[in-house]
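Q: Sequence plus predicted model, see below.
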Amino acid sequence: MNALRSPSSRLARFVLRHLTMRPLVLVLLIVAGAPAVVAAESPLGSARHHVWSAFAQGDAAELKPILDSDGKTYVSLPGLSDEQGYFGASQVYYVFRDIYARVVCDDAKIESAGKKDDVAYFRITWSYTRKDSGEKGQAVLLITLEGGSGSYVLTDVRSARP
């Protein structure tokens with residue numbers, strides 16, 4: 001009997017009683033909130049999130065949705081990769097997979113962003129630790145995305161001085 005009077009059981013009974021009495025309210029709240037969630041995830045926001053996630057999680061697969069299978073992406077990250085130049089989608093994936101195999105992300109922050117016509121750009125400050133030596137490093141990365149037909153693709157990733 002004491003279990004039925006505990007604060008958690010009273011809360012559970014309250015929630016169940018109100019959910020069963022007012023299912024329409026719950027449905028309306030969910031449906032009303034859905035457009036805001038969908039609208040918040042714009043094609044540019046989604047592309048920017050994929051780039052940030054790739055660096056924050058050290059996961060090259062995060063870049064796949066924003067790599068153009070027909071185009072090239074310029075990559076220049078001296079000190080992190082010996083590979084520099086224009087690469088196809090699968091090559092970009094492997095360049096970043098190799099980088100992430102050698103470092104662990106400590107922090108990734110988008111610091112500034114801008115957009116002109118269909119070109120968006122932003123800067124990420126990426127702090128990392130090298131797995132082999134434990135040496136800490138930081139790179140300021142300049143990222144360029146190009147939009148077209150409702151989506152953005154990664155066109156340029158290069159290092160700048162921190």
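A: In hand now; what should we look at?
Q: Quick one: the helices in this structure, in order.
A: Counting by DSSP state H, one finds helices in the chain at the ranges 7-21, 23-40, 43-57, 89-102.
Q: Break the protein down into its domains, please.
A: What automatic domain parsing lists as the domains of the chain is 3-40, 43-160.
Q: least trustworthy helix or strand in the chain by mean pLDDT?
A: Every helix and strand of the chain was ranked by mean pLDDT, DSSP states H and E. The lowest is helix 23-40, at a mean of 38.
Q: Just give me the lowest mean pLDDT stretch among the domains of the chain.
A: Lowest mean pLDDT of those: domain 3-40, a mean of 43.
Q: And the closest residue in space to G147 that isn't next to it in sequence, its phi and psi?
A: Excluding its sequence neighbours, the residue lying closest to G147 (C-beta to C-beta, 6 or more residues apart in numbering) is D118, at 4.2 Å. Yep, even glycine has a C-beta here, placed from its N, CA and C like the rest. D118 has phi and psi values of phi -100, psi 10 when expressed as degrees, to the nearest 10.
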